[in-house]
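S.K.: Sharing a model that was predicted from the sequence below.
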Amino acid sequence: METKKTTTKKVTTKTTPLSLDAALYNQKGTSAGSFAMPKKVFGLAWNADLVHQVVVAMQANKRAGTAHTKDRSEVSGGGKKPWKQKGTGRARHGSNRSPIWIGGGVTFGPRNDKDYSQKINKKMRVKALFTVLSRKFADSAVLLVDSIAFDAMKTKDANATLATFATIKGFEKLGSKKPTTLLMVLPEHNAVIEKSFANLGGVTVLTVNDLNALVTMSFHHVVIVDPAKTVAALESKIQ
């Protein structure tokens with residue numbers, strides 16, 4: 001009896017490359033053209049190991065290290081032997097500052113002289129930031145705004161601008177009150193913009209120089225103001 005050989009065809013799925021041409025909007029939420037995002041900043045592949053290593057190191061560098069316990073040389077008491085060595089029927093002890101005594105010193109407790117800081121290479125820090133930005137861009141969580149300008153420091157104007165951005169498709173959640181909703185990145189310090197958004201929950205305003213992987217990945221959406229200057233500043237971090 002003859003057996004027929006069955007052949008299986010491999011099915012290959014083609015993935016379309018991510019377009020780096022992003023839509024550009026103005027403060028009123030209408031289209032203002034497009035902007036070509038640099039591949040070396042917004043087109044990197046996800047690298048979980050690198051991001052994890054950098055983020056954990058940055059969290060360690062922020063650790064205050066103020067927890068402190070006293071060892072047996074620092075607690076009060078001691079000096080006299082609690083009771084004589086033999087003849088009492090009790091266990092032998094030499095000091096009531098021993099860690100096994102109530103009120104005695106602590107063994108292997110946290111000490112405030114411990115240094116938790118970790119060294120992060122500049123290239124690792126920058127690439128981790130670009131990797132997070134690339135992931136945000138791939139998830140359509142990056143909004144480009146050509147400029148934002150207010151006549152005065154008014155929360156009302158900032159709230160209206162935020163409501164306008166929430167009308168853009170894909171960014172409807174910008175009106176949420178969650179504390180990690182929106183990270184706004186400015187090319188340079190602007191006291192009017194920063195103080196106008198200061199009282200709005202869910203919005204954090206930073207300059208591009210203060211941007212890092214830890215703070216970027218903590219927010220759902222990133223709004224880049226004046227991308228021509230802001231993205232150029234990001235590219236300069238590579239040098």
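M.R.: Nice, thanks for sending it over. Residues are numbered from 1 along each chain as shown.
S.K.: quick one, phi/psi of Ala160?
M.R.: Note on Ala160: its backbone torsions stand at phi -70, psi -40 [degrees, to the nearest 10].
S.K.: mind checking how far it is from Leu186?
M.R.: To Leu186, Ala160 is 18 Å away according to Cβ to Cβ, to the nearest Å. For the C-beta atoms, the positions are set from N, CA and C on the backbone; glycine is no exception.
S.K.: Ok, Gly29 next?
M.R.: Going from Gly29 to Leu186 by Cβ to Cβ gives 19 Å.
S.K.: the more surrounded of these two?
M.R.: Shown here are Gly29 and Leu186; by other Cβ atoms under 10 Å, Leu186 has more neighbours (21 against 17).
S.K.: Kindly provide the distance from that one to Gly43.
M.R.: Leu186 is 23 Å from Gly43, by Cβ to Cβ.
S.K.: where are the low-confidence patches of this structure?
M.R.: Where the chain drops to pLDDT under 70, the residues are 1-18, 175-180, 239.
S.K.: Kindly confirm my reading that Gly33 is in a strand.
M.R.: Yes - residue state for Gly33 (DSSP: H, G, I helix; E, B strand; the rest coil) corresponds to a strand.
S.K.: which helix is the longest one in this protein?
M.R.: Assignment by DSSP state H gives helix 122-138 as the longest helix of the chain.
S.K.: so where does Ala198 fall, helix or strand?
M.R.: Per DSSP states H and E: Ala198 is located in neither a helix nor a strand.
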